[in-house]
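Chemist: Quick one, what's the 3D model for this:
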Amino acid sequence: MGSSSVVESWSITSAVLREQRDQLIRFWLACPDDVLEHLWVGTAGQVTREMVAQLNLTSYFSEPQLALRNRLGEFLREGFQQPGAVKATIATFLLSPPGQFRIVNPESHLPGWLVPTYRTLYEQGQSSFNQATTVEQSPVAASPQPPAIPSATPSSLPTPQFGEFPATLAELINNRLQLNRLLGLSNLYYIDPEDEEIRDELLQLRQHLAEVLLIADDTTLEAAFTSDFSDRYWALVRSGIQSVPLSSEMEQLKERIKHKLNPLQGGGFGQPGAAAAFVVAMMLYQPGTMQVDSAEQKLPSWLLPGYQEIFSSALNA
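Modeler: Numbers count the residues shown, from 1 in each chain. Below is the predicted model:
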């Protein structure tokens with residue numbers, strides 16, 4: 001996601017006056033981790049801080065907003081070191097009045113550039129809010145559940161133009177816009193899997209990615225997994241998108257994958273295209289439902305650690 005075009009689309013005055021809270025939340029949740037600090041010290045961060053500062057104990061939140069706040073809280077309670085935790089914290093700011101959100105030892109959990117804002121909003125004047133919740137890992141404080149307010153329309157969210165998806169993996173590796181799109185959608189789906197729009201876009205992106213992976217040779221695959229693509233790929237695998245039922249087209253692709261990996265059908269590890277097929281398989285099978293015997297001998301070194309961390313650990317659990 002290109003940061004400059006997105007930031008310039010926001011106006012502090014219009015965002016606050018139009019109560020574009022939902023748009024700001026989605027904006028932050030979809031942002032790549034590596035541009036968060038740049039955006040926070042710029043216009044988007046200023047808009048967010050101003051909107052959070054306007055909240056108080058009488059602020060109204062819609063039922064979907066309260067439900068999202070609860071999901072974000074559950075996510076953060078799993079730890080601040082997991083991917084997407086910083087953006088989830090910022091999103092929680094937008095749904096938590098000052099004094100109603102507290103993190104124990106914020107310097108240990110938040111990046112340095114976010115700590116001053118957290119302390120200003122949620123610790124200064126804390127004593128005036130006697131209902132604040134304190135949790136060791138992550139807190140989303142309970143606020144009164146007032147009547148729902150009209151939420152802003154999702155269509156007003158700035159939408160960058162991504163262009164056509166690259167035709168080859170080599171092209172994708174050098175396409176920062178599509179790489180960041182992959183990361184943003186994966187993280188956003190991981191945090192909020194009930195968002196149908198995000199789910200459908202990620203499913204479409206996964207299909208495009210599967211197509212370019214299957215035609216990539218082993219040299220290109222290794223180059224990809226030693227580049228920024230690796231983090232983006234594993235974010236998708238961790239997102240949980242594999243739990244969504246497959247379309248008929250993706251079911252056919254899954255059968256092709258099984259054929260390429262089945263020694264009884266002329267496939268299997270060591271055969272041309274096996275590594276690419278297995279990379280695609282991990283995007284289709286849920287962790288814990290697929291196992292490779294003697295993985296240390298069969299999987300290439302650039303693929304083994306990720307498989308062990310996500311799939312082997314799920315099997316052992």
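
Chemist: Hmm, E37 and G45 touching each other?
Modeler: No: using CB atoms under 8 Å, G45 is not in contact with E37, being 9.0 Å away. All C-beta atoms are positioned from the backbone trio N, CA, C, and that covers glycine.

Chemist: between these two, which one's more packed in?
Modeler: With neighbours defined as other CB atoms under 10 Å, G45 and E37 compare such that G45 has more, 20 against 15.

Chemist: can you pull the contacts of the more buried one?
Modeler: Neighbouring residues of G45 by CB atoms under 8 Å, 6 or more residues apart in numbering: L39.

Chemist: Spit out the contact partners of T48.
Modeler: Residues near T48 by CB under 8 Å, 6+ apart: 24, 28, 40, 90, 93-94.

Chemist: How about L261?
Modeler: Here L261 is in contact with 267-269, 274, 277-278, 281 (CB under 8 Å, 6+ apart).

Chemist: Same check on V292?
Modeler: Applying CB under 8 Å, 6+ apart to V292 gives the contacts 269, 278, 298-299, 307.

Chemist: Do a quick rundown of the strands in the stretch 51-200 of the chain.
Modeler: Remark: strands assigned in the stretch 51-200 of the chain by DSSP state E, counting those that start in this stretch are 102-103, 134-135.

Chemist: Going by mean pLDDT, which of those strands comes out lowest?
Modeler: Note on these: lowest mean pLDDT is at strand 134-135, with a mean of 38.

Chemist: on that earlier part again, quick check: the farthest pair among the contacts of T48?
Modeler: The span of the contacts of T48, defined through CB to CB, is set by W40 and L94 at 12.9 Å.

Chemist: which element is the closest residue to Q207 other than its chain neighbours on?
Modeler: Nearest in space to Q207, with sequence neighbours left out and distances taken as CB to CB, 6 or more residues apart in numbering, is M250 at 6.4 Å. Per DSSP states H and E, M250 falls inside helix 248-261.

Chemist: Beyond that helix, next helix or strand please.
Modeler: By DSSP H and E, the next helix or strand past helix 248-261 is helix 274-284.

Chemist: Mind giving me the packing neighbours of that following helix?
Modeler: helix 196-214, helix 218-225, helix 229-238, helix 248-261 (3 or more CB pairs under 8 Å, 6 or more residues apart in numbering; DSSP states H and E).

Chemist: Now do the contacts for R71.
Modeler: Neighbouring residues of R71 by CB under 8 Å, 6+ apart: 191-192.

Chemist: what about it, distance to P305?
Modeler: As judged by CB to CB, to the nearest Å, R71 and P305 stand 29 Å apart.

Chemist: do the same with I241
Modeler: Counting by CB to CB, the gap from I241 to P305 is 21 Å.

Chemist: more crowded one of those two?
Modeler: Here I241 and P305 are compared on neighbour count by other CB under 10 Å; more neighbours surround I241, at 22 against 13.

Chemist: Show the pLDDT at the more buried one.
Modeler: 95.

Chemist: picking up where we left off before, nearest to L179, out of the contacts of T48: which one, please.
Modeler: Closest approach to L179 among these (CB to CB): W28, at 18.6 Å.

Chemist: Where does pLDDT dip in this structure?
Modeler: 1-19, 125-162, 313-317 (pLDDT under 70).
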